[in-house]
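K.L.:
Sequence and predicted structure below; questions after.
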Amino acid sequence: MRAVLRLPDFRLLFAGLAASMAGDALMVLVYAIWVKHLTGSSGAAGFVSLFIVVPYVVSPLGGRLVDRFRRRPFLVVVNLCSVLMMLPLFAVRTAGDVWIVYAVATLNGVSSVANAAALNGLLKELLADGLLATANGAIQTVREGLRLGGPLAGAALFAAAGGAAVALVDAVTFLAAALAIARMRLREETPVNVRQPWRRQLTAGLTHIRGDAALRRMMIAGAVAFLVVGFNESVFFSVLDHGLHRPPAFLGVLASAQGVGCVAGGLLAARLIGGRGENAATAIGLAAFGLGDALCVLPRLAAVLAGKAVAGVGLAVIVVGFTTALQRRTPAPLVAQVSMTAETLVSGPQTVSIATGALLVSVVDYRILLMAVAAGMLGGAAYLWTGRRLSAPSPAVRPEEAPA
């Protein structure tokens with residue numbers, strides 16, 4: 001990690017990301033808890049995640065737009081717009097205002113997908129290939145480390161002062177992120193905009209993924225796994241209600257347990273990628289997530305906490321492996337388009353599974369839904385593992401070799 005933290009521009013970027021991630025950690029469960037509090041419905045609360053991921057489904061439409069701009073100023077603008085998007089939440093009072101929560105959750109998804117695509121391009125511009133896994137692991141570790149106490153703090157602040165107070169804190173963190181990223185001194189070349197038919201622009205990301213065997217297999221495995229993973233967005237409210245007999249706010253405790261696993265996974269991911277390559281590492285992550293969900297079938301707090309922790313390890317490795325593969329195997333001018341297309345290929349099935357899970361959770365035993373998630377994740381892991389040799393281990397970069 002020292003190899004990336006010694007770079008002044010990365011330290012500023014890292015500080016900005018840490019600020020916005022702190023706000024996200026506070027807010028990550030508040031949307032759903034807020035809806036559950038207003039409506040009393042687990043299904044309505046589960047639909048929050050559906051609105052957050054919808055922008056990922058249509059994100060290829062914006063991929064070309066992101067690649068037309070320099071990444072650093074683009075990130076500054078996105079974070080400033082994110083400050084403004086939190087303001088409507090101050091108007092939420094009754095169950096009739098739930099649509100405002102859903103609308104802001106959708107805007108949050110737009111912000112997240114734009115940030116992620118631009119960040120992938122900025123990291124590729126800033127760092128050598130051998131440092132990408134380390135940087136992604138460091139970012140994921142901090143993101144999930146903040147979620148150890150963040151969801152609990154967000155739930156506590158919600159209970160004490162209401163959702164608007166949490167939204168205010170989140171808005172302040174977006175502003176801090178914009179200020180930190182604006183101070184970076186990286187000189188980016190203005191992207192060259194090549195005139196192409198709009199259909200070719202729209203499908204450029206898909207064409208690249210289809211032509212790269214390692215990325216193609218990773219996308220197929222991810223689509224299989226995420227076709228069921230969205231069940232989790234609703235099913236864990238039922239785990240709390242019927243398995244553990246706990247209130248909705250206790251979801252913060254489960255999220256913190258997952259955060260513990262994610263911290264460990266973030267620290268482990270770069271080593272796995274360095275030794276085995278992105279495909280093998282991501283397959284291991286998918287398997288760990290599936291096994292973690294299977295543990296949550298047991299109606300005991302210790303088992304559910306352990307399951308969430310194991311799933312957290314898997315989630316962090318999946319994210320770092322997936323992100324590093326996209327960055328390493330994509331030309332700089334296409335990074336945003338490929339990133340957004342990849343998100344769509346994964347989040348499309350996830351969106352379907354979130355909606356399906358929100359409908360099924362009231363009529364199907366939550367344990368059956370958890371086992372369906374486990375089966376899908378393990379199936380995706382097995383398929384990806386058979387193509388593990390398609391991606392070579394990442395080359396190591398010693399600190400003294402990092403770009404100044």
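P.N.:
Okay, I see it.
K.L.:
If you drop the residues flanking it in sequence, what lies closest to residue 164?
P.N.:
In space, and not counting its chain neighbours, residue 164 is closest to residue 90: 4.8 Å by Cβ to Cβ, 6 or more residues apart in numbering. Just so you know, the C-beta spots here come from the backbone N, C-alpha and C atoms, and that holds for glycine as well.
K.L.:
Please tell me I have it right and that neighbour contacts residue 167.
P.N.:
Yes. Counting by Cβ atoms under 8 Å, residue 167 is a contact partner of residue 90 at 6.9 Å.
K.L.:
Quick check on the two: which one has the bigger neighbour count.
P.N.:
Neighbour totals were compared for residue 90 and residue 167, and residue 167 leads with 26 against 15 (other Cβ atoms under 10 Å).
K.L.:
Tell me how far the closest residue to residue 11 other than its chain neighbours lies from residue 134.
P.N.:
Distance criterion Cβ to Cβ, 6+ apart; nearest residue to residue 11, sequence neighbours excluded, is residue 5 at 6.0 Å. For residue 5, the distance to residue 134 (Cβ to Cβ, to the nearest Å) stands at 9 Å.
K.L.:
Contacts only, for the residue nearest to residue 11.
P.N.:
Going by Cβ atoms under 8 Å, 6 or more residues apart in numbering, residue 5 touches 11, 14, 138.
K.L.:
Could I have the PyMOL command that selects the buried members from those?
P.N.:
Those of the contacts of residue 5 that count as buried under 16 or more other Cβ atoms under 10 Å are selected in PyMOL with:
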select buried, resi 14+138
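K.L.:
Please, which helix or strand holds residue 368?
P.N.:
Under the criterion of DSSP states H and E, residue 368 resides in helix 366-385.
K.L.:
next one: phi and psi at residue 68?
P.N.:
The phi/psi pair for residue 68 (degrees, to the nearest 10) reads phi -80, psi -10.
K.L.:
let me redo that: residue 139
P.N.:
phi -60, psi -40.
K.L.:
Just give me the neighbour total for the residue nearest to it when sequence neighbours are not counted.
P.N.:
Computed as Cβ to Cβ, 6+ apart, the closest residue to residue 139 that is not its neighbour in sequence is residue 17, at 6.1 Å. By the criterion of other Cβ under 10 Å, residue 17 has 21 neighbours.
K.L.:
what's downstream of the helix or strand containing residue 17, the next helix or strand?
P.N.:
Using DSSP H and E, residue 17 falls within helix 8-27. Proceeding N to C from helix 8-27, the next assigned helix or strand is helix 30-39, under DSSP H and E.
K.L.:
Now the common contact residues for residue 5 and residue 134.
P.N.:
Between them, residue 5 and residue 134 share no contacting residue, judged by Cβ under 8 Å, 6+ apart.
K.L.:
Work out which residue lies at the spatial centre of the protein.
P.N.:
Among the residues of the chain, the one closest to the centroid is residue 319, at 7.1 Å (Cα atoms, centre = their mean).
K.L.:
What residue, apart from its backbone neighbours, is nearest it spatially?
P.N.:
Leaving aside its chain neighbours, residue 319 sits nearest to residue 140 (5.5 Å; criterion: Cβ to Cβ, 6+ apart).
K.L.:
Just the local confidence number for that neighbour, please.
P.N.:
At residue 140, the model reports a pLDDT of 83.
K.L.:
Can you report how many residues lie near it?
P.N.:
Neighbour number of residue 140 under other Cβ under 10 Å is 25.
K.L.:
Please enumerate residues in contact with the helix or strand that contains residue 75?
P.N.:
Using DSSP H and E, residue 75 sits in helix 71-85. The contact list for helix 71-85, computed with Cβ under 8 Å, 6+ apart, reads 16, 20, 66, 104, 107-108, 111, 114-115, 118-119, 121-122, 125, 171, 174-175, 177-178, 181-182, 184, 186, 188.
K.L.:
Among those residues, which ones are in helices?
P.N.:
Secondary structure from DSSP state H places 16, 20, 66, 104, 107-108, 111, 114-115, 118-119, 121-122, 125, 171, 174-175, 177-178, 181-182 of the contacts of helix 71-85 in helices.
K.L.:
Of those residues, keep whichever come out buried.
P.N.:
Of the ones in helices among the contacts of helix 71-85, these count as buried by 16+ other Cβ under 10 Å: 16, 20, 66, 104, 107-108, 111, 114-115, 118-119, 121-122, 125, 171, 174-175, 177-178, 181-182.
K.L.:
the inter-axis angle of the helix holding residue 75 versus helix 8-27?
P.N.:
The directions of helix 71-85 and helix 8-27 differ by 20 degrees, with axes from the mean of the first three to the mean of the last three Cα atoms, to 10 degrees as the criterion.
K.L.:
Dump helix 71-85 to PDB, keeping only the CA atoms.
P.N.:
C-alpha atoms of helix 71-85 as PDB (Å, rounded to 0.1, in the frame of the first residue of the first chain):
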ATOM      1  CA  ARG A  71     -11.400  12.500 -15.400                       C
ATOM      2  CA  ARG A  72     -10.300  14.800 -12.500                       C
ATOM      3  CA  PRO A  73     -12.600  17.800 -13.300                       C
ATOM      4  CA  PHE A  74     -15.400  15.400 -14.100                       C
ATOM      5  CA  LEU A  75     -15.100  13.800 -10.700                       C
ATOM      6  CA  VAL A  76     -15.200  17.300  -9.100                       C
ATOM      7  CA  VAL A  77     -18.400  18.200 -10.900                       C
ATOM      8  CA  VAL A  78     -20.100  14.900 -10.100                       C
ATOM      9  CA  ASN A  79     -19.300  15.300  -6.400                       C
ATOM     10  CA  LEU A  80     -20.700  18.900  -6.400                       C
ATOM     11  CA  CYS A  81     -23.900  17.700  -8.100                       C
ATOM     12  CA  SER A  82     -24.100  15.000  -5.400                       C
ATOM     13  CA  VAL A  83     -24.300  17.700  -2.700                       C
ATOM     14  CA  LEU A  84     -27.400  19.100  -4.400                       C
ATOM     15  CA  MET A  85     -29.000  15.700  -4.900                       C
END
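K.L.:
distance between it and the chain's centre?
P.N.:
18 Å (Cα atoms, centre = their mean, to the nearest Å).
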